[in-house]
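*Asks:* Give me a 3D structure for the following:
(chains A, B, C and D)
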Number of protein chains: 4
Amino acid sequence: MNTSPPPARGGTAIIRGYCPDARGINSALTRFISERNGNIVDYDQHVDEEPGIFFVRIEWALDGFALPPAELAAAFRPLADTFGMNWTLTFSAVRPRLALFVSKQPHCLYDLLARWRGGEWSADIPLIVSNHPDLEPVARQFGVEFRVFPITAENKASQERAEIALLREQGIDLVVLARYMQVLSEDFVAAFPNRILNIHHSFLPAFVGARPYHAAHARGVKLIGATSHYVTGELDRGPIIVQEVSRVSHKDSVADLIRKGKDLEKIALARALWHHLNHKILVYSNKTVIFE
Amino acid sequence: MNTSPPPARGGTAIIRGYCPDARGINSALTRFISERNGNIVDYDQHVDEEPGIFFVRIEWALDGFALPPAELAAAFRPLADTFGMNWTLTFSAVRPRLALFVSKQPHCLYDLLARWRGGEWSADIPLIVSNHPDLEPVARQFGVEFRVFPITAENKASQERAEIALLREQGIDLVVLARYMQVLSEDFVAAFPNRILNIHHSFLPAFVGARPYHAAHARGVKLIGATSHYVTGELDRGPIIVQEVSRVSHKDSVADLIRKGKDLEKIALARALWHHLNHKILVYSNKTVIFE
Amino acid sequence: MNTSPPPARGGTAIIRGYCPDARGINSALTRFISERNGNIVDYDQHVDEEPGIFFVRIEWALDGFALPPAELAAAFRPLADTFGMNWTLTFSAVRPRLALFVSKQPHCLYDLLARWRGGEWSADIPLIVSNHPDLEPVARQFGVEFRVFPITAENKASQERAEIALLREQGIDLVVLARYMQVLSEDFVAAFPNRILNIHHSFLPAFVGARPYHAAHARGVKLIGATSHYVTGELDRGPIIVQEVSRVSHKDSVADLIRKGKDLEKIALARALWHHLNHKILVYSNKTVIFE
Amino acid sequence: MNTSPPPARGGTAIIRGYCPDARGINSALTRFISERNGNIVDYDQHVDEEPGIFFVRIEWALDGFALPPAELAAAFRPLADTFGMNWTLTFSAVRPRLALFVSKQPHCLYDLLARWRGGEWSADIPLIVSNHPDLEPVARQFGVEFRVFPITAENKASQERAEIALLREQGIDLVVLARYMQVLSEDFVAAFPNRILNIHHSFLPAFVGARPYHAAHARGVKLIGATSHYVTGELDRGPIIVQEVSRVSHKDSVADLIRKGKDLEKIALARALWHHLNHKILVYSNKTVIFE
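*Replies:* Presented below is the predicted three-dimensional model:
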């Protein structure tokens, strides 16, 4: 269970959870809310038949709800335990803090900063981290702190520790790898479980690893893609969130694939971030349940 | 309310309904099922915020359920009335009977018959109706009765009355217009409310009416489409169920659009039929809610 | 015929043209280039059978070509006249100057400025024009001049004259309406024939005019779209360049459609601009031939 | 070089070829046609810059052409040799003969037979081959000979020899594997180079081999696909012709993926066949150039 700090008041509460399927779960969950005078804004459940797992997302208005946010988790726990539910409680009024990690390519960075300034999400972006100084002017344009951590084989471990310390100091909730061209160590990943978003420039599981557009061109595919996913210890094998594809033809050079792919990367990363920030994603068994 | 005849036993029961949004609906509905020992297989609800309408689809297993199917509607009615709910009760074990209406083009007809024979749905197709004799060999290939009703301005009303009589005699639940090139009268439509599926060969509302591919070519669009919808009294203005599109270019002649469009028509019609036969569609305010 | 000022040297020359179809055109055109020692980089032709029109785009390297750019048009004219060809000669080395027109929504503006700074095209953007002051900070972020021309029913004609004067003074080759929410007068449009790009937030010809997302929501469509086109005197009826679509469902409110549509608008506008800047588009009979 | 037997008269001739890029190829090729009074219906060329390879497809009307079809290849050869061109000459009036290979799943078979009967292509389908007897009724419905060759580890080589003999006896030009669930030996493949079309039920190169929908479900992808390709000696690694994809979600079981995938398989296979039958495909370096 993972509980974000409850807000003073207002907005909605969101519970996402999963447990072995059983009779009466829907009824028990909805009654828990309605008995406390909660108004369910969105209720979405799904049963994965083969393993017999029940998944649920409940979102209800805190206005008029009988319990203050700070007491909610404790009140819900006994019911969850009855069903052996693994769950998360979050609040729409809590504004998450994001750190963007970049290298040299600006397209995803620009796109995220523009969406942020355009008001697409309720979140703060106090920090941009890079292994190269190239994109500092973009950070400056948008008034965001830019920190460079050059990475070599020798200093990688210490630099990552410094990055983690910085992220903690800044109270970062989510790391977004916006075409960051370094593989994070398992230690780094473990420090932010299911809280590191990445964009990979292929339709996974095809073309794992480096230079996927070159590999796609060599194979002669008729579609290219981009995949956003949570980062796990295994490269490009984390839970997939969004995949986008675009038709290509024999006329497209590698440079054309790279150019066309940029749009897919921007869209796939932004949509994943939108789902994450709206508390729509549940990770189970290295897959995502996305409550749309 | 519209209740299909309940089956002897087995399968699932499905309630689809809508009503003004209010606190406690989810809780009341799920309790209704769980108190009678029903196992909810699928529960999907949605609130359309602006008009404040609550939509729901509940599907639960009849195995072990406390009520026999024949008593279900009567037991549910008081609860539905509490919320002012407009609802439908159907059963997965009831095998619907379809009539396919065609003219001269075989592609949708072949596609539907092949899916039927391939076991994609649980339904019967006892009848094909046409205003032309051309496709009788296809009907014969698949062993389905083929009836011709030539339509002229003079005989249209009487021919439609004969068709309706035939459909009733055969116990037809759903009429599928598989590129039937006649506009049905309001009387015909009224006889099968939300039970006539049509495929229109454009992405509606663009290119309503005749020769949409010619119109699309003349306008120079870069996408063509197909739209499946329920038929209402207004031509091509009924509730949309599925829309499919495909890219086209200046190289495509009208004949190319027609050829490419056939695949869209087949897919859009078959998907709509799949949703219909799986009790996934609810019609409200000339729109469809599709519980996927 | 329309000839952009020829460059000193280097790059490629591009001829786009159309004429009544006839035997020997391909042969005559390719010989014209090869006899002058030109290396054809790209040759694309298309015959629209019904009206019998031949369309062609030839791009060849100027390096080693026997004629200097400044003499090319005069040398080609007699051959073109033989076939009654309507043609355009342009040069890849000429860097076009763009003016972006905006109102209050920043997403297309940000996207175009980020692509420009990211080096996606070879073009200059010296000017942003708006009828509102809201987006001046974005212009300042990117160091582009921002000029406000408030429009009222009374001052529209005079403001447009002032805008045209400014555009001419700045040597603007192409006007890009990046969600500019004013209808340009016929006089303005006539001053920049096929040189005003617009993005309309629907899949045209559906939902012409104002508030297309509201109209799409009311109609209950299952796809929304965006269309980039050249502006003509008739609102939203100019030659279509690119159309993009995205699936939506009953769960999407008008606000969701607007949010999802922004990505389509960005992509459709940027792709159209890319085609334009790469001399890929030929306009004929209110349609576009796009040589991809 | 591969020349299909020339027709008596009428229709078009099609040359597809590739060679090292050089100045003057376009001019020489188009002059070859126009000097013999040929009317070019379609001329499409492409240069792959990196390896410097020139690709071309020329289609011209035989009506009024100075050479009879039977003398064309000999007349063209010297010109092709000048450029070191690898080329193919085919004729639209030659009606190819197809054999469909199937196992137990009928959807692709039905789709191909329906398109054939609906007149989508000019081709004959005299033969259906299967390793199981299950689909014989479908063959009978459409009046096509059905031959069963059960395959075991022991008899595979001899059964394949018998199949090849049958295909030769029947004058088969193209083998279409319409969900044929046997891997063909290298000997079989070598007997029909670039003349065996397959449909694989994933977006290659993801999920090569058996049970791709199960693998896709296990990986939690958000898109499934289907890929049509020419068969080579390496399983699922032949030149890709068409790829189709469809969105899926966590709600889709393996059975849903299989159901949704069937539509993709039908479309991807039929489109590849259409390109093949219209002489649009050129294979080079294990990739396809598709002249659309």
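
*Asks:* if you skip the residues just before and after it, what's nearest to residue A:271?
*Replies:* residue A:242 (4.5 Å; C-beta to C-beta, 6 or more residues apart in numbering or on different chains). Every C-beta, even on glycine, is put in place using the N, C-alpha and C of the backbone.

*Asks:* Over to residue A:166?
*Replies:* Using C-beta to C-beta, 6+ apart, the closest residue to residue A:166 is residue A:147 (6.6 Å).

*Asks:* same question, residue A:97
*Replies:* What sits nearest to residue A:97 in space, not counting adjacent residues and going by C-beta to C-beta, 6+ apart, is residue A:124, at 4.8 Å.

*Asks:* For the one you found, list the residues it contacts.
*Replies:* Neighbour list for residue A:124: A:95, A:96, A:97, A:98 [criterion: C-beta atoms under 8 Å, 6 or more residues apart in numbering or on different chains].

*Asks:* what about residue A:116, which SS state?
*Replies:* The three-state assignment at residue A:116 reads helix, by DSSP: H, G, I helix; E, B strand; the rest coil.

*Asks:* Could you check how many residues crowd around it?
*Replies:* Residues lying near residue A:116 (other C-beta atoms under 10 Å in any protein chain shown) number 19.

*Asks:* gap between it and chain B?
*Replies:* 25 Å (C-beta to the nearest C-beta, to the nearest Å).

*Asks:* if I pick that residue, what's in contact with it?
*Replies:* With contacts defined as C-beta under 8 Å, 6+ apart, the neighbours of residue A:116 are A:123, A:125.

*Asks:* now residue A:266
*Replies:* Residues counted as contacts of residue A:266 (C-beta under 8 Å, 6+ apart) are A:107, A:108, A:111.

*Asks:* The last one contacts residue A:271, doesn't it?
*Replies:* No - counting by C-beta atoms under 8 Å, residue A:271 is not a contact partner of residue A:111; they are 11.3 Å apart.

*Asks:* For my notes, confirm residue A:225 occurs in a helix.
*Replies:* No - assigned with three-state DSSP, residue A:225 falls outside any helix and is strand.

*Asks:* For the stretch 1-150 of chain A, just list every one of the strands.
*Replies:* For the stretch 1-150 of chain A, applying DSSP state E, counting those that start in this stretch gives strands covering A:2-3, A:12-20, A:39-48, A:53-61, A:86-91, A:97-102, A:124-130, A:145-148.

*Asks:* Quick check: buried residues in the second one?
*Replies:* By neighbour count on 16 or more other C-beta atoms under 10 Å in any protein chain shown, the buried set for strand A:12-20 is A:12, A:13, A:14, A:15, A:16, A:17, A:18, A:19.

*Asks:* and which of those residues is nearest residue D:192?
*Replies:* Checking those against residue D:192 by C-beta to C-beta gives residue A:18 as the nearest, at 50.7 Å.

*Asks:* Can you tell me how far that closest one is from chain C?
*Replies:* In terms of C-beta to the nearest C-beta, residue A:18 sits 22 Å off from chain C.

*Asks:* If we ignore the residues flanking it in sequence, what's nearest that residue?
*Replies:* Nearest non-adjacent residue to residue A:18, counting by C-beta to C-beta, 6+ apart: residue A:55, 4.7 Å away.

*Asks:* who does the one you found bridge with?
*Replies:* When bridges are called by DSSP bridges, residue A:55 pairs up with residue A:18, residue A:46.

*Asks:* In contact with it, which residues?
*Replies:* Residue A:55 neighbours (C-beta under 8 Å, 6+ apart): A:17, A:18, A:45, A:46, A:47, A:48, A:282, A:284, A:289, D:250.

*Asks:* doesn't residue A:90 make contact with the first one?
*Replies:* Yep, that's residue A:17 we're talking about. No - counting by C-beta under 8 Å, residue A:17 stays clear of residue A:90, with 11.6 Å between them.

*Asks:* What is the burial count for the residue in the stretch 151-292 of chain A that chain B sits nearest to?
*Replies:* Nearest to chain B in the stretch 151-292 of chain A, going by C-beta to the nearest C-beta, is residue A:247, at a distance of 7.3 Å. Residue A:247 has 15 neighbouring residues, counting by other C-beta under 10 Å.

*Asks:* ok, now residue A:57?
*Replies:* 21.

*Asks:* which one is it nearest to, not counting chain neighbours?
*Replies:* residue A:291 (4.1 Å).

*Asks:* thinking again about what came up before, looking at residue A:111 and residue A:271, which is more packed in?
*Replies:* residue A:111 (24 against 18).

*Asks:* quick one: pLDDT of that one?
*Replies:* Listed pLDDT for residue A:111 reads 98.

*Asks:* show me the contacts for it.
*Replies:* Residues in contact with residue A:111, defined by C-beta under 8 Å, 6+ apart, are A:266, A:269, A:270, C:111, C:114.

*Asks:* same deal with residue A:105?
*Replies:* By C-beta under 8 Å, 6+ apart, the contact set of residue A:105 is A:179, A:262, C:118.

*Asks:* Over to residue A:253?
*Replies:* By C-beta under 8 Å, 6+ apart, the contact set of residue A:253 is A:217, D:48, D:49, D:50.

*Asks:* Nearest spatial neighbour of the first one, chain-adjacent residues omitted?
*Replies:* Using C-beta to C-beta, 6+ apart and skipping residues adjacent in sequence, the residue nearest residue A:217 is residue A:254, 4.8 Å away.

*Asks:* who in chain A is up against chain B?
*Replies:* Residues of chain A lying near chain B by C-beta under 8 Å from any C-beta of the partner chain: A:23-24, A:26-27, A:30-31, A:33-35, A:37-47, A:247.

*Asks:* Repeat the analysis, applying 10 Å as the threshold.
*Replies:* Selection of chain A residues close to chain B by C-beta under 10 Å from any C-beta of the partner chain yields A:21-35, A:37-47, A:49, A:54, A:56, A:58, A:60-61, A:64, A:247, A:292.

*Asks:* And the closest residue in space to residue A:49 that isn't next to it in sequence, how far from residue C:51?
*Replies:* Nearest non-adjacent residue to residue A:49, counting by C-beta to C-beta, 6+ apart: residue D:253, 6.4 Å away. In this view, residue D:253 and residue C:51 are 51 Å apart by C-beta to C-beta, to the nearest Å.

*Asks:* Now the residue of the stretch 151-292 of chain A closest to chain B: closest residue in space that isn't a chain neighbour?
*Replies:* Sequence neighbours aside, residue A:223 is the residue nearest to residue A:247 in space, at 6.0 Å (criterion: C-beta to C-beta, 6+ apart).

*Asks:* Let me know the pLDDT of the one you found.
*Replies:* You'll see residue A:223 listed with a pLDDT of 97.

*Asks:* which residues touch the closest residue to residue A:80 other than its chain neighbours?
*Replies:* Leaving aside its chain neighbours, residue A:80 sits nearest to residue A:87 (5.2 Å; criterion: C-beta to C-beta, 6+ apart). Residue A:87 makes contacts with A:1-3, A:15-19, A:56, A:58, A:73, A:76-77, A:79-81, A:282, as judged by C-beta atoms under 10 Å, 6 or more residues apart in numbering or on different chains.
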